[in-house]
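Peer 1: here is a sequence together with a model predicted from it:
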Amino acid sequence: MSKALFRVCAAAFIASLILGLSTSANAQETITLRLSSFVPAKHFMNTRVLEPWIETVEKRSAGKLKIKLYPGSTLGKPQAQYDMAARGVADITWGLLGYTPGRFPLATVMELPFLSPSAEIGSRMAQRLYDKGYLKSEFKDVKLLALGMPPNMDLHVNGKLVKTLEDLKGMKIRTPSAMMGKIIKMWGGVPVPLPAPEIYLSLETGLIDGVFLDPLTLMGVRANEVTQYHTRIGVSAPVFFFAMNQKTWDRLPPEIQKVIDEFSGEYWGADIGGVIADKASLGVLKKLEQAGHAVYSLPHEELQRWQDAAAPAFDEWVKRMEAKGLPGNAVLQEAFRFKTQLVNAR
């Protein structure tokens, strides 16, 4: 063998070794995913829901998966979170369905007034509707990881304590969804749609008189600093989603997919999000009282007036869905069935 040929063969052999080592090293590389959160870093959703979920999934992956959290709308606005997951701007996102009105029509059944008794039960109801197949077509653009709901919303204002329906008349109230906007109108208020990050300044400047928020989000966006009066109403809540980019999901090794699936669904939405949120919200109300805020619970008779005034929302919702060719009544009846099952199981 000539020296020239020997050198060529030797170089090829060394290159194959290097390539083999490189391939082996790449196979051992940790997969890193980006998770987008539109709320501030210290918000309950980040510290008590997303971060514990990340820790659990990373641990169960035995170091093969890392998830980096990007809070505070770093990767995109609140209204863009679903599309960010669909397009791959982020690998995983969470967001409120109410920020894109009309896009998830059947899922809004869970936003009907007083339908969800708590964050835990509401989250289970929403997830089971999806698992039963009623909502799957609405999330076909992504790999849906879970649906969930926060604790029910109360009314928080900075000018006066609202004790009756008449007190709400003419007040400008921030709404998180089209459904809640309709309910506010039924109660005589003026709905103002705003994403959560704009609540503080809008209250401070008087653009709005009050907000419907769950206690945890109230604290998370610091709206407690610009409201003094809190009326306990418990009027359900917006539905939120956890979604992954479908191509990202398809590229994951089966063992990583298995880990993520194991800790998604009701585990993420209800067992982590719902159970913890329901307990934490009670603590928030105590803190508000200790800080000298007025926290008022509507008497049963007055609360019934609010419920009666909002009751037409159910028939209106069914009619809107049926007019679109969607099984509105079937979905609503299934939601009632899940609610009865879950409440009776307590």
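Peer 2: Great, that's in hand. Numbers count the residues shown, from 1 in each chain.
Peer 1: low-confidence stretches in the stretch 101-250 of the chain?
Peer 2: Counting by pLDDT under 70, the stretch 101-250 of the chain has no low-confidence residues at all.
Peer 1: which residues of it fall in strands?
Peer 2: 143-148, 154-157, 172-175, 190-193, 210-213, 229-232, 240-244 (DSSP state E, counting those that start in this stretch).
Peer 1: highest mean neighbour count out of those?
Peer 2: For the strands of the stretch 101-250 of the chain, average neighbour numbers computed from mean count of other Cβ atoms under 10 Å are highest in strand 210-213, which has a mean of 27. The C-beta positions use only the backbone N, C-alpha and C, and glycine is treated the same way.
Peer 1: how far off centre is that strand?
Peer 2: 17 Å (Cα atoms, centre = their mean, to the nearest Å).
Peer 1: the strands of the stretch 101-250 of the chain into a markdown table, with extra columns for distance to Ile199?
Peer 2: Output for those, formatted as a markdown table (distance: least, Cβ to Cβ, whole Å):
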| stretch | distance to Ile199 |
| --- | --- |
| strand 143-148 | 20 |
| strand 154-157 | 10 |
| strand 172-175 | 6 |
| strand 190-193 | 10 |
| strand 210-213 | 6 |
| strand 229-232 | 14 |
| strand 240-244 | 16 |
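Peer 1: of these, which approaches Phe104 most closely?
Peer 2: strand 240-244 (8.3 Å; Cβ to Cβ).
Peer 1: got the angle for that closest one vs strand 143-148?
Peer 2: On the basis of axes from the mean of the first three to the mean of the last three Cα atoms, to 10 degrees, strand 240-244 is oriented at 160 degrees to strand 143-148.
Peer 1: ok, and what's touching strand 240-244?
Peer 2: 81-82, 85-86, 91-97, 139, 142-150, 260, 264, 268-269 (Cβ atoms under 8 Å, 6 or more residues apart in numbering).
Peer 1: go again using 6 Å as the cut-off
Peer 2: With contact meaning Cβ atoms under 6 Å, 6 or more residues apart in numbering, strand 240-244 is reached by Ala85, Ile92, Thr93, Trp94, Leu96, Val142, Lys143, Leu144, Leu145, Ala146, Leu147, Gly148.
Peer 1: mind listing what Gly220 touches?
Peer 2: Val39, His43, Phe44.
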